[in-house]
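Novice: the following comprises the amino acid sequence and a computationally predicted model.
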Number of protein chains: 2
Amino acid sequence: MAVYTDVTAEELTEFLAPYGIGDLLSYKGIAEGVENSNYLVHTSQGSFILTLYEKRVAKNDLPFFLGLMGHLASHNITCPQPVVNRQGEALGMLAGRPAAIITFLEGMWPRRPNVAHCAGVGAALAKMHLAGADFKMSRANALSVKGWRPLFDQAAARADGVQHGLRALLGAELDHLEQHWPGDLPKGVIHADLFPDNVFFLGDKLSGLIDFYFACNDMLAYDVAICLNAWCFEIDHSFNVTKARAFLNAYTRERGLSAAEQDALPLLARGASMRFLLTRLVDWLNVPPGAMVKPKDPLEYVRKLRFHQGVKSMNDYGVEQSGFVA
Amino acid sequence: MAVYTDVTAEELTEFLAPYGIGDLLSYKGIAEGVENSNYLVHTSQGSFILTLYEKRVAKNDLPFFLGLMGHLASHNITCPQPVVNRQGEALGMLAGRPAAIITFLEGMWPRRPNVAHCAGVGAALAKMHLAGADFKMSRANALSVKGWRPLFDQAAARADGVQHGLRALLGAELDHLEQHWPGDLPKGVIHADLFPDNVFFLGDKLSGLIDFYFACNDMLAYDVAICLNAWCFEIDHSFNVTKARAFLNAYTRERGLSAAEQDALPLLARGASMRFLLTRLVDWLNVPPGAMVKPKDPLEYVRKLRFHQGVKSMNDYGVEQSGFVA
């Protein structure tokens, strides 16, 4: 949570004028997202999110992210939609940063996801994968298997200071993943960061997906694996097979998983664990003095990695191979 | 800026039910206030602020703060108004903390206050002082002259590490203030923290006052002195006599300052400088590791203190003694 860049009412009023969204009434820095500065803006026409893109987000990637949100919204995926200005552009400059105005989605992210939430996110993820099929732009996943060794190299020397034996665990796992990572599964646009704080609900009904700033082109089943980690473990790190079954069944009702995807899922889940473990570990080891953002605990993902290392097949995720039954 | 306490949708829904303000649609932690956790809440009936009172705010003081907001709002001062629940209570419990729902005020606080803003706050402060006259509750000012020596004692040993000579400056000034602090000026309810981030405007028109969590009973002219410091200095710490004149003239058009208040103003302004200098210095010297809130620079108030030490009369604030002319 963070607001890195402050904005004056005068510069925001000037920035908003070409978007034609009414008169500025208020704007509040919100504690959401760790990469960008976000404001909840009220105008005489309603509520909007103003995002100022800070330096961790590559400016060249912004047209992909904003274009994807627009594409998905036009394909009946409820997600924030960038507002375009009179020049037809979604992206402007404010306080020296690239900035966009995005429609505001009502809804709450589930602090304690239940089985209904897991089913909701499964269906929404599959629909997003299908809707992304004819999106014309593409973006490589910088945080897939090739990106992991550089992260490991940054963290290795100090890894055992975080947990005894962590360096050896990560080294061996990385060797295994590099050797066995699949290359031939169905690909498309993935969200790549669909954690509970990026999915809004009104009651048990999903009201929208947000934060597409890690979206990229990669194996669709890898996105499934990321969600399995993000949604189907309890606070005590135990795997909840009921939630996994609900999530996977809801996903496959919208988009079936091929036999090869099913076979690969345990390995993809190990990779998904590795990816979040490594980025969290690097952040953990590099907290700047006076940091406003508390880093997330990397060890949560050590537990998840170990769980998936012990998984033999889809059965361990609560569903029968091939046929998904409730 | 901070959100200290997270809340689940389920517990917030349950908390809101007796307030009868419609269905919960969203809530966002906002980066406002340093003492409490604040959320901007959207319901089917509009926007509200949810405040969870963290431990730095004494629970016994909350009825005073909430009562004052209600009192002022009913006396045509635009300020947030606590919503009362079916039991007629403004204060509830949420996530283990005292919590209140407060009406949302549209408006923006001025990052760069201009002369019109200073005039606006002058008039609003005077109106608030008049409206507070028949408020029945009272609260002592723990941060007035008697509260300063304990703060000085906490900071003295390390003060010279912040700025060479600071300990001697503060010690001598404190002796002077304790000896000459007035006791017989008109008293009433003061805001005591009316900085620009606590005053909202729509354009140049003041739309409301917020954050009454330092409000207390003290000399009304001391509140004037606090605002003089908060509104009438430039970023380079120079005193802007045009802003001071606009502020003081607008104040006195609503509520005249007695000759004694006018005589005392330079001393009160030294005291107001001391109060913020000391609390900022103590915070500066006691930043906890991993702090989410960046402390404010105490040295800004050293410059202000030195300025007021050189002031001979109200003339130096841009206005004639007794008669205020534009």
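Specialist: It's in.

Novice: can you list the domains in chain A?
Specialist: According to automatic domain parsing, chain A comprises the domains A:9-103, A:115-317.

Novice: do the first one and chain B meet?
Specialist: Yes: using Cβ under 8 Å from any Cβ of the partner chain, domain A:9-103 reaches chain B at A:9-10, A:12, A:24-32, A:40, A:42, A:47. In short, each C-beta sits where N, CA and C put it, glycine included.

Novice: what's the average pLDDT for that domain?
Specialist: Taken as a whole, domain A:9-103 carries a mean pLDDT of 93.

Novice: same check, this time on the last one
Specialist: Average pLDDT, domain A:115-317: 94.

Novice: can you tell me the distance between the two ends of it?
Specialist: By Cα to Cα, to the nearest Å, the extent of domain A:115-317 from end to end equals 14 Å.

Novice: circling back: redo the domains of chain A as JSON lines? Include mean neighbour count.
Specialist: Supplementary listing: the domains of chain A in JSON lines, determined by neighbours: other Cβ atoms under 10 Å in any protein chain shown:
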{"stretch": "domain A:9-103", "mean neighbour count": "18"}
{"stretch": "domain A:115-317", "mean neighbour count": "18"}
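
Novice: nearest to residue B:105, of those?
Specialist: With Cβ to Cβ as the criterion, residue B:105 lies closest to domain A:9-103 of the domains of chain A, at 7.8 Å.

Novice: quick one: terminal-to-terminal distance for that closest one?
Specialist: 20 Å.

Novice: run the chain-centre distance for that domain.
Specialist: Distance, stretch centre to chain centre, for domain A:9-103: 18 Å (Cα atoms, centre = their mean, to the nearest Å).

Novice: try stretch A:100-120
Specialist: Distance, stretch centre to chain centre, for stretch A:100-120: 13 Å (Cα atoms, centre = their mean).

Novice: can you get me the start-to-end distance on it?
Specialist: 28 Å.

Novice: stretch A:88-104 too?
Specialist: Termini of stretch A:88-104 sit 19 Å apart (Cα to Cα).

Novice: also stretch A:63-83?
Specialist: The first and final residues of stretch A:63-83 sit 13 Å from each other (Cα to Cα).

Novice: now the helices for chain A?
Specialist: A:9-16, A:62-73, A:115-131, A:145-162, A:166-180, A:220-231, A:241-254, A:259-285, A:299-309 (DSSP state H).

Novice: out of these, flag the one nearest residue B:111.
Specialist: Here helix A:9-16 is closest among these (Cβ to Cβ), at 7.2 Å.

Novice: how about residues contacting that closest one?
Specialist: A:24, A:27, A:41, A:43, A:50, A:92, A:94-95, A:99, A:101, B:108, B:110-112, B:201 (Cβ atoms under 8 Å, 6 or more residues apart in numbering or on different chains).

Novice: filter those down to just the ones in strands.
Specialist: A:24, A:27, A:41, A:43, A:50, A:92, A:94, A:99, A:101, B:201 (DSSP state E).

Novice: would you format those as JSON lines with distance to residue A:174 included?
Specialist: Converted to JSON lines, the ones in strands among the contacts of helix A:9-16 look like this (distance: Cβ to Cβ, whole Å):
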{"residue": "A:24", "distance to residue A:174": "50"}
{"residue": "A:27", "distance to residue A:174": "44"}
{"residue": "A:41", "distance to residue A:174": "43"}
{"residue": "A:43", "distance to residue A:174": "49"}
{"residue": "A:50", "distance to residue A:174": "40"}
{"residue": "A:92", "distance to residue A:174": "41"}
{"residue": "A:94", "distance to residue A:174": "41"}
{"residue": "A:99", "distance to residue A:174": "38"}
{"residue": "A:101", "distance to residue A:174": "41"}
{"residue": "B:201", "distance to residue A:174": "56"}
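
Novice: in contact with residue A:22, which residues?
Specialist: So residue A:22 contacts A:43-46 (Cβ under 8 Å, 6+ apart).

Novice: which two of the residues you listed have the greatest separation?
Specialist: A:44 and A:46 (8.3 Å).

Novice: ok, back up a step: which among the contacts of residue A:22 gets closest to residue A:138?
Specialist: residue A:46 (32.8 Å).

Novice: picking that back up, what's the closest of the domains of chain A to residue B:246?
Specialist: domain A:9-103 (18.7 Å).

Novice: which outside residues touch stretch A:108-118?
Specialist: Residues outside stretch A:108-118 that contact it (Cβ under 8 Å, 6+ apart) are A:121, A:196-202, A:204, A:206, A:231-232, A:242-244, A:246-247, A:250, B:6-10, B:12, B:24, B:26-27.

Novice: residue A:139 reaches residue A:63, doesn't it?
Specialist: No: counting by Cβ atoms under 8 Å, residue A:139 sits too far from residue A:63 to count as a contact (9.7 Å).

Novice: leaving out sequence neighbours, find the closest residue to the residue most central in space within chain A.
Specialist: The centre of chain A sits closest to residue A:193, judged by Cα atoms, centre = their mean, with a distance of 1.4 Å. Nearest residue to residue A:193, sequence neighbours excluded (Cβ to Cβ, 6 or more residues apart in numbering or on different chains): residue A:214, at 4.0 Å.
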